[in-house]
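> predicted model and sequence follow; I will ask about them next.
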Amino acid sequence: MINLSTGAFYERGTRQIGTLRARAESLQQQIGTGERLERSSDDPVAAARLRMLARNERIANVDTRNSQLAEADLSLTDQTLGSIADVVVRVRELAVQASGETLSDEQRASIGIEIAGLRENLVLLANSRNIAGHALLGGQTAGAAYVDDGTSAQFVGSTSVTPLEIGEGQSVIPGMTGPDIFEFDATNGQTDLFAVLGGLAAALSAGGQAAADASSAALADLDAGLEKVTTAQTVVGSRLNWIDLMAERRENNAERIADERLDVGGADIAVTMSRLQETMTVLEASQASFVRLANLSLFSMLR
């Protein structure tokens, strides 16, 4: 009978102390992690909500990466468009100069050489690369956007660009294609900037009155081409602004998710520390009592 009572005493004391230690460890973990739920069974409703918040966070991370990719490519496109506009403006200045009556054929030929060089620069800009090393203005094409034989530049890219999801069911087209920038309607039909610059350079090299007339005629086409480029710049700028706006929305949503996660599954540190102190006090008292009682053997009581 005494053996049974002693065994029950040890079992009950060990179980009580083990429970208190487990509770103390749980509270310490909550303080360390800032989260009050260790397993879904602690609060199934809160756990389900936390899983949903975590899923929303993962989706937001994907949207953020897409936004960063789109922003990088659009920024490169914007820089490229700025350089293209500079080329067209310079060619227009040269065309005005070449249309002057006082210039000699040699002077116009010199201007023609510079315009030919600017046309080569334009082709290089048209074949710029994005951050992945693909054609910046070639749509879905990985290779060059344009093939140039010195007389005409042929677009060999794709005219479509895959939109990227950037959150809340919204998307953005992360680039533009060559025809969106270089092709436009001129007085004599559709043309492109490569043809305008090439034709003007050739006319200036030939000399004569036709060179001066070609310079004057090219001004209208250059203006139309420059307008196409500036329109493209406006489009790219609006897309970059849209990305910034969606990034701000994601940031606000991330703050909301963080606050809700804290409300749903966060541990109140002050309360948790108070409970830990209370548990540790009870644990220490239980351990001390157990040691004292365990030392009271039957021999000690008989003595």
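Arrived safely.
> strands along the stretch 51-200 of the chain, start to end?
Using DSSP state E, counting those that start in this stretch, the strands of the stretch 51-200 of the chain run over 146-148, 153-155, 164-167, 170-172, 183-186, 189-192.
> quick one: closest of the ones you listed to M52.
M52 sits nearest to strand 164-167 of all these, at 16.4 Å, using C-beta to C-beta. Every residue, glycine included, has its C-beta placed from N, CA and C.
> by contact count, what packs against the closest one?
Applying 3 or more C-beta pairs under 8 Å, 6 or more residues apart in numbering; DSSP states H and E, one finds that strand 164-167 contacts helix 44-98, strand 170-172, helix 209-265.
> surely V236 and Q79 touch.
No - the pair V236 and Q79 does not pass the contact test of C-beta atoms under 8 Å, sitting 9.8 Å apart.
> residues near G100, how many?
12 (other C-beta atoms under 10 Å).
> correction: E248
When neighbours are counted by other C-beta under 10 Å, E248 registers 10.
> what sits against E165?
Contact criterion C-beta atoms under 8 Å, 6 or more residues apart in numbering gives V62, D63, N66, S171 as the residues in contact with E165.
> can you tell me which of these has the most neighbours?
For the contacts of E165, the largest neighbour count, defined by other C-beta under 10 Å, is 22 neighbours, found at D63.
> who touches the nearest residue in space to it that is not next to it in sequence in this structure?
Sequence neighbours aside, G167 is the residue nearest to D63 in space, at 3.9 Å (criterion: C-beta to C-beta, 6 or more residues apart in numbering). Applying C-beta under 8 Å, 6+ apart to G167 gives the contacts I59, A60, D63, S67, M246, R249, R250.
> gap between the third one and E71?
Put plainly, it is D63. To E71, D63 is 12 Å away according to C-beta to C-beta, to the nearest Å.
> now the first one
Note on I59: its distance to E71, by C-beta to C-beta, is 18 Å.
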